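>>> predicted model, plus sequence, below.
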Amino acid sequence: MANLVNLENVSKSYGTTTVLESVSLGVADGERIGIVGRNGGGKSTLLRMITAAEAPDGGRATRGGDVRVATVDQSGALPAGATVREVVVGTGAEHVWAGDAAVREVLNGLGLMTALGSRGLDASVDRLSGGERRRVSLAAALVTDADLLVLDEPTNHLDVEGITWLADYLNRRFARPRGALLAVTHDRWFLDAVCTRTWDVVDGGVRGFDGGYAAYVLARAERDRQAGASEARRQNLLRKELAWLRRGAPARTAKPKFRIEAAEALIGDVPAPRSSTELKALSMKRLGRTVYDVEDITLSVGDEGDGNGAKRLFEHATWHVGPGDRVAVIGVNGSGKTHLLRMLAGELAPDAGRVVIGQTVQAGYLSQNVAELPGRLRVIEAVTEVRSSAELGGVELSAGQLAERFGFASDRQWTPVADLSGGERRRLQLLRLLLAQPNVLLLDEPTNDLDTDTLAALEDLLDSWAGTLVVVSHDRYLIERICDSTVALIGDGSIAALPGGVDEYLSRRAASSADSGATGATGATGLPSPAGAGDGKPRTDAARGRAVRKELDRLEREVTKLTAREQRLHAQLAEHAADYAKVAELDAELRAVAAELRRAEDAWMELADEV
């Protein structure tokens, strides 16, 4: 199959910094490629080379003359003075695009109609917020019939529902070899859910891996092992990350577990990421029994003058956060997540009710704003301004060592804060927060602008951190990795506990959309109804889960038997190689067994994805 785009020995430098050097690669029809790498490592530059937005210094970038490309970059630039309608669907007659189910799906799936409210598609893009502009740019790219869809951080400004819808949409759109997808993203759940290949942009080159993020982690660990890395090296963050992936949901590795037995030697002796019982006991010593008691609070925001613009975020809401709790807070954009953190941090008071803060609480609040960083200082000075050393995981680390763990190499530590990129500022903000050694962390979208390696390092630090953790995030991977419980702001003014985590939240939202009058099998956001609804299958999540796991066990036993039978047939073929009649008989039987094995594996994969 011919490539849509080819790069041949492409190089690109800015000043004295070489970003890409002698890179050769291609993008084929049907590929869904996720691009990862450190901030500033060349990911966006690579996209500009592929889309011909920028010419390489050396080498050649080519693409087919009839290849149509649609791009969403991080700038959020939209035509000045244009309306949303003009940007997304053009100036044609309304009945043309309104009658197109694909266009309606994109508008509803990205929540554009809901987000814009009464302004609708006639709203001027000049008056939109950053998040709304991002959705408009994404919608404009998705409604095109492009052969190559290039997305730079597509999940930015999307909530959990929006990210889930986008992943499902892209999987359906590129299910057949018709067009290709390139996505630069730090959202590891999205990488696993969508991408069939991963490119790692590092040290001026691009290394390719089959599969999404989990397969990429596995391949990196295996590559280190094959290179003869020392035992100390193999017991690093990568192995710990891999161990967590394998202990998680069975479908997370995107491969049946009987296909990755070779990886067990790598992770068999790796301890669990953290001991919740031990950390909770340590946290109680530092915090006592009371951390936060949110008692019967009510809060409205907006124009209180005439009451028409006011929005009720909380109404008689009650919530308790105890010592050692690790809680994720999720909800749609604008539901009040940041307001909740600000109340816990003591920056905002409710209209009614009260927020009781424990006497021993020393909270560290990470806001979405990085303006509070001291731009006049250098990185190492900004770190030592808070503390020159800190104990982390029972080990005393200097400010320089901590800075290195957050991706600031020794030469980069003397860079002025004002010259740092957005991702580097976010890392420095996190480092300063942890150096203050709070016993409660309130994190508002901590993954913004962070690359996958930095995210893994942050999670590793938080694994051994003994304290209470409250995280507002749309990053499903982070939520499942570092939090033990989930609550949601679902729009009724309450703070709802979700024992089933993000999946339960999505089911509730889909059911709520259906109850509100949405038609068909999907709700207003394009999300499928809960499993089993109206199809004759078990109707409760628990019953459906039991049925699926029972079938998974059966299929796993069947695959094991078929694999053993396949191996025996191979041995018999070798034994009777000179007997042509016997070989023909065994070969026919082997083909039948191989077909049965593929069928069983495919069925296993389908059910594993559902789990």
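It's in. Bear in mind the structure is a predicted one, so any value in this text is a computation, not a measurement. Residues are numbered from 1 along each chain as shown.

>>> tell me which residues in the strand or helix carrying V593 are buried?
Using DSSP states H and E, V593 falls within helix 580-610. Counting neighbours by 16 or more other C-beta atoms under 10 Å, one finds that the buried residues in helix 580-610 are 586, 590, 593, 596-597, 600-601, 603-605, 607-608. C-beta coordinates here come from the backbone N, C-alpha and C atoms, glycine included.

>>> do the same with stretch 322-334
Those would be 322-334, for stretch 322-334 by 16+ other C-beta under 10 Å.

>>> low pLDDT regions in the stretch 301-450 of the chain?
303-309, 370-372, 392-394 (pLDDT under 70).

>>> could you pull out the strands for it?
All strands of the stretch 301-450 of the chain, identified by DSSP state E, counting those that start in this stretch, fall at 311-321, 326-331, 352-357, 363-366, 389-392, 395-398, 440-444.

>>> show the contacting residues for the residue most central in space within the chain.
The residue lying closest to the centre of the chain (C-alpha atoms, centre = their mean) is D187, at 2.6 Å. Applying C-beta atoms under 8 Å, 6 or more residues apart in numbering, we find D187 in contact with 155, 163, 447, 475-477.

>>> mind checking pLDDT for it?
Per-residue pLDDT puts D187 at 92.

>>> report the buried residues of the longest helix that the chain contains.
Longest helix of the chain, by residue count under DSSP state H: helix 541-575. The neighbour-count criterion (16+ other C-beta under 10 Å) identifies 544, 548, 552, 555-556, 558-559, 562-563, 566, 569, 572 as the buried residues of helix 541-575.

>>> now stretch 482-499
Result for stretch 482-499 [16+ other C-beta under 10 Å]: buried residues 482-483, 486-491, 493-496, 498.

>>> tell me the secondary structure at V487.
strand (DSSP: H, G, I helix; E, B strand; the rest coil).

>>> isn't it right up against A497?
Yes - look at V487 against A497 with C-beta atoms under 8 Å: they come within range, at 5.5 Å.

>>> what are the ranges of the strands in the stretch 101-250 of the chain?
With DSSP E, counting those that start in this stretch, the ranges of strands along the stretch 101-250 of the chain come out as 148-152, 180-184, 197-202, 205-210.

>>> which strands border the last one, and is each parallel or antiparallel?
Taking DSSP bridges as the criterion, strand 205-210 forms sheet pairs with strand 197-202 (antiparallel).

>>> what mean pLDDT does the partner strand have?
In the prediction, strand 197-202 has an average pLDDT of 92.

>>> next one: stretch 122-141
Stretch 122-141 comes out at a mean pLDDT of 85.

>>> how far away from the center of its chain is it?
22 Å (C-alpha atoms, centre = their mean, to the nearest Å).

>>> give me the residues contacting that stretch.
Contacts for stretch 122-141 (C-beta under 8 Å, 6+ apart): 70-72, 76, 78-85, 87-88, 106-107, 110-112, 115-116, 149, 151, 154, 156-158, 162, 166, 333.

>>> can you give me the buried ones in that stretch?
123, 125, 128, 131-141.

>>> adding distance to A93, write these out as JSON lines.
Output for these, formatted as JSON lines (distance: C-beta to C-beta, whole Å):
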{"residue": "A123", "distance to A93": "20"}
{"residue": "V125", "distance to A93": "21"}
{"residue": "L128", "distance to A93": "24"}
{"residue": "G131", "distance to A93": "29"}
{"residue": "E132", "distance to A93": "25"}
{"residue": "R133", "distance to A93": "26"}
{"residue": "R134", "distance to A93": "27"}
{"residue": "R135", "distance to A93": "24"}
{"residue": "V136", "distance to A93": "20"}
{"residue": "S137", "distance to A93": "24"}
{"residue": "L138", "distance to A93": "24"}
{"residue": "A139", "distance to A93": "19"}
{"residue": "A140", "distance to A93": "18"}
{"residue": "A141", "distance to A93": "22"}
